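**Student:** dropping the sequence and predicted coords here.
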Amino acid sequence: MSKRLEDFIKANKEEFDELEVKAGIWGNIEEQLPAEFEDAPKQKKTFSLGFVLRVAAAVIVVMSISFVLYMRNAKNSTGVNLAAINPEYAKEQVHYASLISTKRTELKALSKSDPQLYREFSAEIAHLDSTYKKLNSDLATSPNQEFVLHAMIRNLQSQTEILNQQLMVIEQYNQMKKEQQNESKSI
């Protein structure tokens, strides 16, 4: 296929040469440009050494901060193997963490009718969650890891109980609103 293309180009070389750009074409284009383009100063696009150094310094700072954050997250995520401490507690931790995730999703869905109530409930859970995270970070350095793991599970149990109570309150509130609407319709 390429041989045929080469032969075609060689055979029609003179016709291709006719398609060359004429010498005065750029002058004609400049004449047809509006005046606003003619008056614009032509700027050189050169960068000073100072500009290049500032950009390089900014890149180094951003990369350094990213590296530090990455290392901190990597350190936290490599944590302790909970199953190695106590397999029963590890199963409970996974179970309660899953329950909490589900309950939080339910709470978020049910709370659309009253965002203020949701914010209050979220603040209550956030306090327990920060305590859980603190326990989790202390777990690796604790001399009694099983005790800390048990405290983490108790924290998760408390979060689950509070979320259940919050869901019940929201459901009762919504039920009460429906009943009031039905009463007002019947009047």
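**Tutor:** Cool, got the structure.
**Student:** least confident secondary structure element in the chain?
**Tutor:** Taking mean pLDDT, DSSP states H and E as the measure, the chain has helix 35-39 as its least confident helix or strand, at a mean of 58.
**Student:** report the next helix or strand after that one in sequence order.
**Tutor:** helix 49-78 (DSSP states H and E).
**Student:** can you spell out which helices and strands pack onto that next one?
**Tutor:** Applying 3 or more C-beta pairs under 8 Å, 6 or more residues apart in numbering; DSSP states H and E, we find helix 49-78 packed against no helix or strand. No exception for glycine: its C-beta is placed from N, CA and C like everyone else's.
**Student:** which is the succeeding secondary structure element to it?
**Tutor:** Immediately after helix 49-78, counting by DSSP H and E, sits helix 82-85.
**Student:** tell me the buried residues in that following helix?
**Tutor:** 82, 85 (16 or more other C-beta atoms under 10 Å).
**Student:** one more: stretch 141-154?
**Tutor:** 142, 145, 148, 149, 150, 151, 152, 153.
**Student:** let's see which of these end up in helices.
**Tutor:** 145, 148, 149, 150, 151, 152, 153 (DSSP state H).
**Student:** output the below-cut-off pLDDT ranges for the chain.
**Tutor:** 1, 16-22, 35-45, 71-79, 110-111, 113, 187 (pLDDT under 70).
**Student:** quick revisit: report the two of the ones in helices among the buried residues of stretch 141-154 separated the most.
**Tutor:** 145 and 153 (12.6 Å; C-beta to C-beta).
**Student:** now stretch 178-187, how far from the chain's geometric center?
**Tutor:** 44 Å (C-alpha atoms, centre = their mean, to the nearest Å).
**Student:** for residue 87, state which of the ones in helices among the buried residues of stretch 141-154 is nearest.
**Tutor:** The closest of those, once distances to residue 87 are taken by C-beta to C-beta, is residue 149, at 10.9 Å.
**Student:** got the domain ranges for this structure?
**Tutor:** 2-39, 85-186 (automatic domain parsing).
**Student:** distance to residue 62 added to those domains, as TSV?
**Tutor:** Compiled in TSV, those are given as follows (distance: least, C-beta to C-beta, whole Å):
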stretch	distance to residue 62
domain 2-39	37
domain 85-186	26
